[in-house]
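**Q** test case, fold it:
(one chain, ligands or ions: 3)
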Amino acid sequence: MSTAAAYALPSADGSFEKVAIERRALGPDDVAIDIKFAGICHSDIHTARDEWGGARYPCVPGHEIAGIVSAVGSSVRKYQVGDRVGVGCLVNSCGKCAPCLAGEEQYCAKGATWTYNNPVPEDVQPGGYTMGGYSTHIVVDEKFVVGIPEGIGLDVAAPLLCAGITLYSPLRHWGAGPGKKVAIIGMGGLGHVGVKIAAALGAEVTVLSQSLRKRDDGLRMGATNYYATSDKETFRRLRGEFDLIINTVSADLPIDNYLRLLALDGTLVILGLPEKPMSVTGRNLAGFRRSLSGSMIGGLAQTQEMLNFCAAHGIGAEIELISADDIDAAYDRVVASDVQYRFVIDTASI
Ligand code: NAP
Ligand code: ZN
Ligand code: ZN
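**A** Numbering: from 1, shown residues only. Ligands and ions are numbered 1, 2, ... in the order given. Here you go, the predicted model:
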């Protein structure tokens, strides 16, 4: 076992504090990683502030992890000391069920093991539940480690481990590309990476944001159009317009208003995970044979594919680098939609 320094929330309404945590001893298939950067995903906030229920404390979030391999187990073949690597939202799965065999480990029928706050045996994570990337190092099975290509900085790569794959996977699944009109709702951590990836895939991209405040950035990142959802005219003008709409919003939305923006056979994909259920009016689905769906991150092979795609297209997240002492303030700013466009913790400050 080894001791890592980490930042943990002691309770749902507490403030982050520095703690010491144990990491398991390196097993034969394990990779030890010196964490350099950890992104702050809105899911960290939902979890740590117990908005989804079932949080465990002290809670060490962080599933956008980028770092350098510091040691490898005796059976590890894919990585060696010094490699640039990343860890995303999951650190294990059964490996035998149909989703796992299809490379969709995030949908493991037995339940994937999430990078933080997931119950595990003591020999997997001392303390009995996983602890994430707001820490100095982590030990992960090599199957759940991806390589970060040269050409993307580790700091701007970190958010790709969740935000990047969460957008890349549905954009590929629903065929975003030339001739397709794609709208992204919410220009936050997920949304801004989605704009870049969808544009690089060749789709015509529209951002639907609460205001026009971030319009210049959206257009610079590859959007062709940018509309404010606070303006009722937006919903009249764009009726029946899109083949694919991706909802990245962390709060409740009037989904019916957005369904009406889909063209014939269009799909609205839910990525944002607010706590309350949503309601949908049947005729907005039936009318244009529209679909309402959802998507959760992506499998390991596709995560590597996404990183390679982003490196080839010069795509990284746009980040505000912070020290670990600023996590509480960063959380408040994310909740207020005041982030451009992902906070990343420089773990040297831990
Ligand atoms: P984020 O950085 O806070 O971005 C969310 C964006 O939604 C904001 O920037 C804002 O964009 C918009 N928004 C916020 N409150 C709103 C409101 N009341 N009404 C309308 N729009 C609002 O969050 P994130 O890290 O991108 O995560 C977004 C959501 O996705 C979270 O719920 C998170 O848990 C979830 N998530 C899901 C997956 C998955 O696999 N499905 C993976 C990661 C995260 P504008 O300022 O442009 O309006
Ligand atoms: Zn996330
Ligand atoms: Zn499985």
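**Q** only C-alpha atoms from now on, for both contacts and neighbour counts.
**A** Will do.
**Q** contacts for stretch 212-222?
**A** Met187, His192, Val195, Lys196, Ala199, Ala200, Val205, Val207, Asn225, Tyr226, Tyr227, Ala228 (CA atoms under 8 Å, 6 or more residues apart in numbering).
**Q** next: stretch 322-342.
**A** With contact meaning CA under 8 Å, 6+ apart, stretch 322-342 is reached by 7, 15-16, 39-42, 45, 134, 159, 187-189, 192, 317-320, 343-347, 349-350.
**Q** secondary structure element for Asp44?
**A** For Asp44, the element it lies in under DSSP states H and E is helix 42-48.
**Q** run through the neighbouring helices and strands of the helix or strand following that helix.
**A** Counting by DSSP H and E, the next helix or strand C-terminal to helix 42-48 is strand 65-72. Contacts defined by 3 or more CA pairs under 8 Å, 6 or more residues apart in numbering; DSSP states H and E place strand 65-72 against strand 30-39, strand 84-87, helix 154-157.
**Q** would a markdown table of those with mean pLDDT and mean neighbour count be doable?
**A** Output for the helices and strands packed on strand 65-72, formatted as a markdown table (pLDDT from 0 to 100; neighbours: other CA atoms under 10 Å):
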| stretch | mean pLDDT | mean neighbour count |
| --- | --- | --- |
| strand 30-39 | 98 | 27 |
| strand 84-87 | 98 | 27 |
| helix 154-157 | 98 | 25 |
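**Q** any chance of TSV for those, columns distance to Ile65?
**A** Shown next, in TSV, are the helices and strands packed on strand 65-72 (distance: least, CA to CA, whole Å):
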stretch	distance to Ile65
strand 30-39	5
strand 84-87	5
helix 154-157	9
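**Q** ok, the closest residue to ligand 2 within the stretch 1-150 of the chain - contacts?
**A** The minimum distance from the stretch 1-150 of the chain to ligand 2, using CA to the ion, falls at Cys41 (4.5 Å). Cys41 makes contact with Gly62, His63, Glu64, Pro159, Cys162, Ala163, Gly189, Arg342 under the criterion CA under 8 Å, 6+ apart.
**Q** which of these come close to ligand 3?
**A** Among the contacts of Cys41, no residue is within reach of ligand 3 (CA under 5 Å from the ion).
**Q** format these as CSV; extra columns: neighbour count.
**A** Listed next are these as CSV, based on neighbours: other CA atoms under 10 Å:
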residue, neighbour count
Gly62, 28
His63, 30
Glu64, 27
Pro159, 33
Cys162, 29
Ala163, 28
Gly189, 28
Arg342, 27
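**Q** got the confidence number for the residue of the stretch 1-150 of the chain closest to ligand 2?
**A** The model reports Cys41 with a pLDDT of 98.
**Q** on that earlier part again, can you say which of the helices and strands packed on strand 65-72 is nearest to Asp123?
**A** With CA to CA, the closest approach to Asp123 among those belongs to strand 30-39: 12.9 Å.
**Q** using PDB, write out every CA atom in that closest one.
**A** The C-alpha coordinates for strand 30-39 follow below in PDB (Å, rounded to 0.1, in the frame of the first residue of the first chain):
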ATOM      1  CA  ASP A  30      -1.900  -2.600 -12.200                       C
ATOM      2  CA  VAL A  31      -0.400   0.700 -13.300                       C
ATOM      3  CA  ALA A  32       0.500   3.300 -10.800                       C
ATOM      4  CA  ILE A  33       0.000   6.800 -12.000                       C
ATOM      5  CA  ASP A  34       1.400  10.100 -10.800                       C
ATOM      6  CA  ILE A  35      -1.600  12.300 -11.300                       C
ATOM      7  CA  LYS A  36      -0.700  15.600 -12.900                       C
ATOM      8  CA  PHE A  37      -4.100  17.100 -13.700                       C
ATOM      9  CA  ALA A  38      -7.700  16.300 -12.600                       C
ATOM     10  CA  GLY A  39     -10.700  18.000 -14.300                       C
END
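**Q** which bits of the stretch 1-150 of the chain sit near ligand 3?
**A** Counting by CA under 5 Å from the ion, the positions of the stretch 1-150 of the chain adjacent to ligand 3 are Cys94, Gly95, Cys97, Cys100, Cys108.
**Q** try it again at 8 Å.
**A** 93-101, 105, 107-112 (CA under 8 Å from the ion).
**Q** show the buried residues in these.
**A** The neighbour count (16 or more other CA atoms under 10 Å) marks Ser93, Gly95, Pro99, Cys100, Glu105, Tyr107, Cys108, Ala112 as buried among these.
**Q** just the pLDDT for the second one.
**A** If I follow you right, that is Gly95. 98.
**Q** thinking again about what came up before, if we check ligand 2, which of the contacts of Cys41 are in contact?
**A** Gly62, His63, Glu64, Cys162, Ala163.
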